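A.B. asks: Have a look at this fold, sequence not included:
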């Protein structure tokens with residue numbers, strides 16, 4: 001394999017052969033970003049630049065390894081390019097200059113477990129937690145400290161937004177942070193976040209070290225620049241401070257990781273860092289058909305900010321995306337299942353070439369039950385299967401106690417929530433209930449224990465649930481309401497989990513009876529949740545959009561495009577967050593090669609029950625870029641379908657299939 005510039009399009013060649021200086025390459029989705037970067041590195045080597053003078057910064061070791069292997073093949077085996085993650089580069093640089101920061105060059109790097117252990121020791125030394133006071137676990141504390149570093153926010157801001165139950169403990173978190181930093185320096189150790197913090201400090205405060213590192217890095221290239229945080233952007237710029245040779249490649253329209261610290265302003269403001277910064281835009285997409293790209297362009301048309309680009313495909317033809325106007329989430333699950341089967345059976349598309357993308361993991365809860373019933377194997381990326389999530393299993397444990405009071409495992413799980421009730425006592429209590437002629441929870445023998453009040457509350461709940469056995473939605477709502485009050489005491493990241501509980505009502509409506517609901521859960525056992533379940537190689541993918549970035553499938557269905565779901569309800573009143581939701585939809589759309597379906601349920605389940613969805617603000621400018629299909633359910637439960645506009649042959653076939661499956665009013 002040699003360097004063949006004639007295989008590149010004009011924009012790619014312009015980026016690859018650019019002269020020295022700062023260069024921003026805006027690489028739209030599917031436009032050959034990786035090929036452009038690897039050709040750039042190979043071209044520099046062919047121009048006589050020493051491989052060791054080239055630094056390629058990526059976000060994963062795998063990405064760096066794959067790109068450098070391609071460079072080696074292009075250049076006949078050239079080695080020595082310094083490629084890797086920001087953290088790996090920082091480690092090497094700090095080894096040479098650690099003494100300037102008060103560290104030994106032989107510093108060791110704490111893994112997550114060791115870092116948590118040190119934080120746990122400090123927590124104990126400061127007398128936090130223990131009897132009489134609930135305080136964050138060592139894992140949560142480390143997570144808060146890390147989030148503050150990577151998002152450039154204060155501990156107070158992180159606690160208020162992510163862990164409000166600890167918002168009053170800011171002073172204690174700050175004390176832990178100070179002692180943690182002191183202890184690490186005393187012991188000559190650093191954690192993962194320190195690598196970036198210390199390198200940034202070195203480049204900012206030690207000119208001699210900065211010049212030495214910059215002169216040794218004559219050409220700096222950064223992949224996925226839209227995903228950099230402020231620390232990483234500053235590091236990249238300062239590495240190029242002597243020579244100005246910094247090429248960054250990315251797409252502001254795919255900046256979707258603000259929760260990890262990514263700052264879209266880094267790529268938007270990049271031209272201001274250097275005089276005469278060149279900008280090249282890659283717009284030729286080699287992944288998707290033009291109708292899908294037209295819709296992707298439409299999604300970005302109303303973006304508040306961004307670079308002007310218009311994705312185009314060298315291929316002609318292709319089916320228009322379908323915008324499904326649905327009655328509710330039940331119709332959504334039925335329609336998606338029907339489309340998956342149609343594409344598989346009528347068009348021969350393997351399930352492995354299909355994906356269902358969701359904004360939040362619980363949006364696929366109902367579909368997962370239908371897939372299990374239909375025997376369609378799937379893997380879930382970006383979180384556990386819905387029914388495997390700890391908080392969902394918690395609620396089901398309560399329901400199991402109603403269905404079978406002798407269920408020792410369910411008792412053991414529920415009793416484990418109560419402070420002061422240890423594993424031995426829980427086992428004793430569970431065994432006593434299971435062995436009784438009439439199994440029930442009797443709190444009386446435990447009146448002297450501090451968990452007595454919790455046992456009384458649980459016993460009262462079980463009586464209420466038994467009285468609602470013939471009204472499953474009411475039974476489930478009662479159980480969820482009781483559990484929701486205790487959720488902050490059971491799971492520290494309760495804010496993320498509470499939204500999942502709303503989806504449980506959908507399962508209840510579908511099942512009808514408690515027995516059927518628990519049977520549905522049994523259809524999706526934990527051991528089948530592996531990434532590659534034994535015996536299956538044709539797996540459908542269900543993924544959050546965040547986890548799908550960088551991946552592609554022939555067919556993609558995007559679920560729950562309704563204000564409050566996608567976009568998230570938290571984003572509706574925050575312009576910056578709404579813009580990130582728009583970028584998230586753009587990422588979802590551009591994962592599809594040939595088939596794309598967008599699901600818009602009008603009735604969605606919220607905390608206080610089903611409400612009429614107001615539509616989706618993200619879709620306001622794309623109605624004419626998709627085939628609109630109405631799906632409604634009659635009072636008798638049948639579906640009616642209608643197409644707005646003249647359908648093509650593929651659309652007529654799809655409608656015929658749905659009439660066969662659902663009926664037609």
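C.D. replies: Received the coordinates, thanks. Computed from a prediction, not measured in an experiment: that's the story for all the values here.
A.B. asks: For residue 423, give its distance to residue 409.
C.D. replies: Using C-beta to C-beta, to the nearest Å, residue 423 is found at 13 Å from residue 409. From N, CA and C alone the C-beta is placed, and that goes for glycine too.
A.B. asks: State the number of residues packed around the closest residue in space to residue 29 that isn't next to it in sequence.
C.D. replies: Distances taken as C-beta to C-beta, 6 or more residues apart in numbering put residue 590 closest to residue 29, at 3.7 Å, once the chain neighbours are dropped. Neighbours of residue 590 under the rule other C-beta atoms under 10 Å: 28.
A.B. asks: Kindly report the same for residue 503.
C.D. replies: 19.
A.B. asks: Spell out for me which residue occupies the centre of the chain.
C.D. replies: The chain has residue 546 as the residue nearest its centroid, 3.8 Å off, counting by C-alpha atoms, centre = their mean.
A.B. asks: right, and that residue touches residue 255 too?
C.D. replies: No. Using C-beta atoms under 8 Å, residue 546 is not in contact with residue 255, being 11.6 Å away.
A.B. asks: so is residue 310 in a helix, a strand, or just coil?
C.D. replies: Put simply, residue 310 is coil when judged by DSSP: H, G, I helix; E, B strand; the rest coil.
A.B. asks: Distance-wise, check it relative to residue 285.
C.D. replies: Taking C-beta to C-beta, one finds residue 310 at 10 Å from residue 285.
A.B. asks: Comparing those two, which residue is more hemmed in?
C.D. replies: Neighbour comparison, residue 310 and residue 285: the larger count goes to residue 285, with 22 against 13 (by other C-beta under 10 Å).
A.B. asks: I'd guessed that one sits against residue 311; true?
C.D. replies: Yes. The pair residue 285 / residue 311 is scored as a contact, 4.7 Å apart, by C-beta under 8 Å.
A.B. asks: any common contacting residues for the two?
C.D. replies: 28-31, 293, 590 (C-beta atoms under 8 Å, 6 or more residues apart in numbering).
A.B. asks: Output the below-cut-off pLDDT ranges for the chain.
C.D. replies: 1-2, 130-133, 383-388, 495-496, 519-536, 605-614, 632-665 (pLDDT under 70).
A.B. asks: hmm, who's touching stretch 458-470?
C.D. replies: By C-beta under 8 Å, 6+ apart, stretch 458-470 touches 398-399, 401-402, 405, 414, 440-443, 474-475, 478-479, 482, 514.
A.B. asks: quick one: it to chain centroid distance?
C.D. replies: Centroid displacement of stretch 458-470 relative to its chain, using C-alpha atoms, centre = their mean, to the nearest Å, is 37 Å.
A.B. asks: and if you look at stretch 393-409?
C.D. replies: Mean C-alpha position of stretch 393-409 versus that of the full chain (C-alpha atoms, centre = their mean) differs by 31 Å.
A.B. asks: Please apply the same query to stretch 97-116.
C.D. replies: Taking C-alpha atoms, centre = their mean, the mean C-alpha location of stretch 97-116 is offset from the chain mean by 30 Å.
A.B. asks: Flag every buried residue along that stretch.
C.D. replies: For stretch 97-116, the neighbour count (16 or more other C-beta atoms under 10 Å) marks 97-98, 101, 103, 107, 110, 115-116 as buried.
A.B. asks: quick revisit: of the shared contacts of residue 285 and residue 311, buried ones?
C.D. replies: Buried by 16+ other C-beta under 10 Å: 28-31, 293, 590, out of the shared contacts of residue 285 and residue 311.
A.B. asks: what about the strands in the stretch 1-150 of the chain?
C.D. replies: Taking DSSP state E, counting those that start in this stretch, the strands of the stretch 1-150 of the chain run over residues 23-27, 54-58, 82-85, 108-109.
A.B. asks: Any chance of those in CSV with distance to residue 355 as columns?
C.D. replies: Putting these into CSV (distance: least, C-beta to C-beta, whole Å) gives the following:
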stretch, distance to residue 355
strand 23-27, 22
strand 54-58, 24
strand 82-85, 27
strand 108-109, 36
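A.B. asks: for those, which one sits closest to residue 351?
C.D. replies: Residue 351 lies closest to strand 23-27 among these, at 30.0 Å (C-beta to C-beta).
A.B. asks: Counting by contacts, list what the closest one packs against.
C.D. replies: Where contact means 3 or more C-beta pairs under 8 Å, 6 or more residues apart in numbering; DSSP states H and E, strand 23-27 is packed against helix 33-46, strand 246-250, strand 278-282.
A.B. asks: who touches the second one?
C.D. replies: If I follow you right, that is strand 246-250. Residues from elsewhere that reach strand 246-250 (C-beta under 8 Å, 6+ apart): 15, 18, 22-27, 33, 36-37, 40, 219-227, 236-237, 239-240, 267, 270, 273-274.
A.B. asks: What residues sit buried inside it?
C.D. replies: Along strand 246-250, these residues count as buried under the neighbour rule (16+ other C-beta under 10 Å): 246-250.
A.B. asks: After it, which helix or strand is next?
C.D. replies: Using DSSP states H and E, the helix or strand that follows strand 246-250 in sequence is helix 265-268.
A.B. asks: Equivalent analysis for the last one, please.
C.D. replies: Scanning forward in sequence from strand 278-282, with DSSP H and E defining helices and strands, the next element found is helix 290-301.
A.B. asks: ok, and what's touching stretch 203-210?
C.D. replies: Contacts to stretch 203-210, defined as C-beta under 8 Å, 6+ apart, come from residues 97, 100, 202, 213, 234-235, 238-239, 241.
A.B. asks: Drop anything exposed from the residues you listed.
C.D. replies: Applying 16+ other C-beta under 10 Å to the contacts of stretch 203-210 flags 97, 202, 213, 234-235, 238-239, 241 as buried.
A.B. asks: Give me the subset of the residues you listed that lies in helices.
C.D. replies: When DSSP state H defines the helices, the subset of the buried ones among the contacts of stretch 203-210 inside them is 97, 202, 213, 234-235, 238-239.
A.B. asks: residue boundaries of the helices in the stretch 101-250 of the chain?
C.D. replies: Applying DSSP state H, counting those that start in this stretch to the stretch 101-250 of the chain gives helices spanning 112-125, 138-151, 155-162, 170-187, 192-205, 207-216, 230-239.
A.B. asks: Kindly report the same for the stretch 351-500 of the chain.
C.D. replies: Secondary structure of the stretch 351-500 of the chain by DSSP H, counting those that start in this stretch: the helices cover 365-374, 390-403, 408-415, 423-435, 452-467, 472-490, 494-501.
A.B. asks: Out of those helices, which is closest to residue 259?
C.D. replies: helix 494-501 (10.5 Å).
A.B. asks: Now do the closest one and helix 472-490, the angle between them.
C.D. replies: 170 degrees (axes from the mean of the first three to the mean of the last three C-alpha atoms, to 10 degrees).
A.B. asks: buried residues in helix 494-501?
C.D. replies: So for helix 494-501, counting by 16+ other C-beta under 10 Å, buried means 494-495, 497-501.
A.B. asks: highest average neighbour count across the helices and strands packed on strand 23-27?
C.D. replies: strand 246-250 (a mean of 25; mean count of other C-beta atoms under 10 Å).
A.B. asks: Give the pairing partners of that strand; include direction for each.
C.D. replies: According to DSSP bridges, strand 246-250 forms sheet pairs with strand 23-27 (parallel), strand 219-222 (parallel).
A.B. asks: So which of these is nearest residue 170?
C.D. replies: Counting by C-beta to C-beta, residue 170 lies closest to strand 219-222 out of the strands paired with strand 246-250; the figure is 34.6 Å.
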